[in-house]
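Undergrad: Kindly return the folded structure for what I paste below:
(one chain, ligands or ions: 1)
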Amino acid sequence: MTQLPNSLRALDQASLIHPQSNLRTRLEEGPTIMTRGNGIFVYDDAGKEYLEAAAGLWCASLGFGVERLAKVAYDQMCKVGYYHIYRDTSNETAIELAAKLLEIAPVPMSKVFFQCSGSEANDTAVKIVWYYWHAMGKPERKKIIGRLHAYHGSTCAASSISGKPDMHFESGLPFNGFLHTEYPNYYRCQQGGESEEEFSSRMAASLEQLILEEGPETVAAFWAEPVMGAGGAVIPPAGYFEKIQAVLQKYDILFVADEVICGFGRTGNMWGSQTFSLKPDMVSCAKALSAGLQPISALMLNERVFQGLMTQSDKVGHLAHGYTYAGHPVTTAVALETLKIYDEMDVVGHVRNVEPTFVAEMTALEDHPLIGEFRGIGLIGALEVVKDKTAREPYPSETNVIGLIGANARKHGLILRLIGNRIAFSPPQIISSAEISEMAKRLKLALDDTYTQVRVN
Ligand SMILES: Cc1ncc(COP(=O)(O)O)c(C=O)c1O
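TA: Just a heads-up that it's a prediction; the model follows:
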């Protein structure tokens, strides 16, 4: 038997694969090991405190240790720790959670389909879209349109909808028929002094051109996050979704809103769809659905889609799709309790109360020589790091400015989500105004250190 290394860090290096990371660097440097959480703070194995400006992976909405949810999980495990919802069986908490989700849905929705992750919710939605168009007698409607730089998950279908080149590189993805329209980042992609409305019109025209080139009769659905998260926390420019939705309606294309990040108060409404007036046919959600404490996702579908799905299940004999842990009693019990907590604390009201502090503190950083722009809404947003503010010119990648900012932030007890040239923020939805100011203070120290290093080199 091989001898295992005795330190936890060495054991990690010897045994774990870390998603979305350079494997060689991880082998050489090892991880930061988090051992404890309290509110919006986490602590590593040396006891160092970090303010988590990204809520982990946009998900720990109630912070990093919630005893009330732990008790619910424990009680549910003792009561009935597992029972599925396949075929003719069900369980209490899955039923109650589905009903609650339909009650708070951003637009009228008919049914809820549970999975265990955001990726699976979007993957499921792809199948449902295809089932739907088959049921409508239009099986040629197969193509799915996502957006460049968007992220919808890591399963093969969800990666295909995603517009991230690194996820497609030499992987055989995206699958045929998965197309991508433009990246709606006004700051980075505006042309020749166009206004935001003009930019949005160009984005919509470009989507329409793609649909016409492909043949509208072959396009099944369009996917979008209300605020594009892993694409850089990009807030949609003025008029964007109004113009995009007009194109979708013109060609009768289904719209799936990916609320995996934006759901549950993140944008200052219960749903990003409400903040940006989206009228989706399906909504995928996860993450803050269980405050990030249990792996659960849900896909809501409207009556139009459900009727199509039913027709198809009649044709095939049943709906040939499902996951063993979908609607799991423990995950649904924890999600149900999470939604209760959101009601009690008025999560939407709280986000709206602290939003002015968040926006003011982050906008003030636009005065920093490294920062070109801040754009945010509710408790989500991003700073764009630039070398030249007037030209909006980024630092060359070899300077690794963004990496330096991340490392300096860790030094000052702050965990940041860095995406390209952007610093994205999605702190836990329980963050207070004072904690937001503390987050900005630590960030400013990191930016100052980085600027000093950049000037020296
Ligand atoms: C918008 C969006 N959709 C889907 C996913 C995938 O969710 P999961 O990692 O739970 O599969 C993510 C993950 O960050 C996401 O941000």
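Undergrad: Run through the residues that contact the closest residue in space to Ala246 that isn't next to it in sequence.
TA: Spatial nearest neighbour of Ala246, chain neighbours left out: Ala204 (7.0 Å); criterion: CB to CB, 6 or more residues apart in numbering. C-betas here are computed from N, CA, C, even on glycine. With contact taken as CB atoms under 8 Å, 6 or more residues apart in numbering, Ala204 is in contact with 240, 243-244, 246-247.
Undergrad: Show the buried residues in those.
TA: Applying 16 or more other CB atoms under 10 Å to these, the neighbour count classes 240, 243-244, 247 as buried.
Undergrad: Among the residues you listed, list the two that are farthest apart in space.
TA: Tyr240 and Val247 (11.3 Å; CB to CB).
Undergrad: returning to what we had before: doesn't the residue nearest to Ala246 belong to a helix?
TA: Yes. Assigned with DSSP: H, G, I helix; E, B strand; the rest coil, Ala204 falls within a helix.
Undergrad: For stretch 112-122, measure first residue to last.
TA: Using CA to CA, to the nearest Å, the span of stretch 112-122 from its first residue to its last is 13 Å.
Undergrad: Pull the residues that contact it.
TA: Contacts for stretch 112-122 (CB under 8 Å, 6+ apart): 85, 94, 97-98, 101-102, 123-124, 128, 152-155, 157-158, 161, 223, 256, 258, 260, 284-287, 295-301, 323, 325-328, 331-332.
Undergrad: Not including adjacent chain positions, what is the nearest residue to His180?
TA: Gly163 (4.2 Å).
Undergrad: what's the burial count for the closest residue to the ligand within the stretch 351-457 of the chain?
TA: Among the residues of the stretch 351-457 of the chain, Ser426 lies closest to the ligand, at 9.6 Å counting by CB to the nearest ligand atom. Using other CB atoms under 10 Å, Ser426 has 30 neighbouring residues.
Undergrad: Check what pLDDT it gets.
TA: What the model reports for Ser426 is a pLDDT of 98.
Undergrad: Kindly report the same for Ile104.
TA: pLDDT, read off for Ile104, is 98.
Undergrad: Report whether Ile423 is found in a strand, as I expect.
TA: Yes. Counting by three-state DSSP, Ile423 is part of a strand.
Undergrad: Which per-residue confidence value corresponds to it?
TA: 98.
Undergrad: and which of the buried ones among the contacts of Ala204 is nearest to Pro396?
TA: Distances from Pro396 to the buried ones among the contacts of Ala204, taken by CB to CB, are shortest for Tyr240, at 30.0 Å.
Undergrad: mind checking the backbone torsions on the closest one?
TA: Main-chain torsions, Tyr240, degrees, to the nearest 10: phi -60, psi -60.
Undergrad: if I pick the closest residue to it other than its chain neighbours, what's in contact with it?
TA: Nearest non-adjacent residue to Tyr240, counting by CB to CB, 6+ apart: Ser200, 4.2 Å away. Ser200 makes contact with 184, 236-240, 242-244, according to CB under 8 Å, 6+ apart.
Undergrad: about what we covered before: can you redo the buried ones among the contacts of Ala204 as CSV, where the extra columns are secondary structure?
TA: Shown next, in CSV, are those (three-state DSSP):
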residue, secondary structure
Tyr240, helix
Lys243, helix
Ile244, helix
Val247, helix
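Undergrad: Quick one: classify the residue of the stretch 201-350 of the chain found nearest the ligand as helix, strand or coil.
TA: Residue nearest to the ligand within the stretch 201-350 of the chain (CB to the nearest ligand atom): Val260, separated by 3.5 Å. Of the three states, Val260 takes coil according to three-state DSSP.
Undergrad: What separation is there between it and Thr357?
TA: Distance, Val260 to Thr357, using CB to CB, to the nearest Å: 26 Å.
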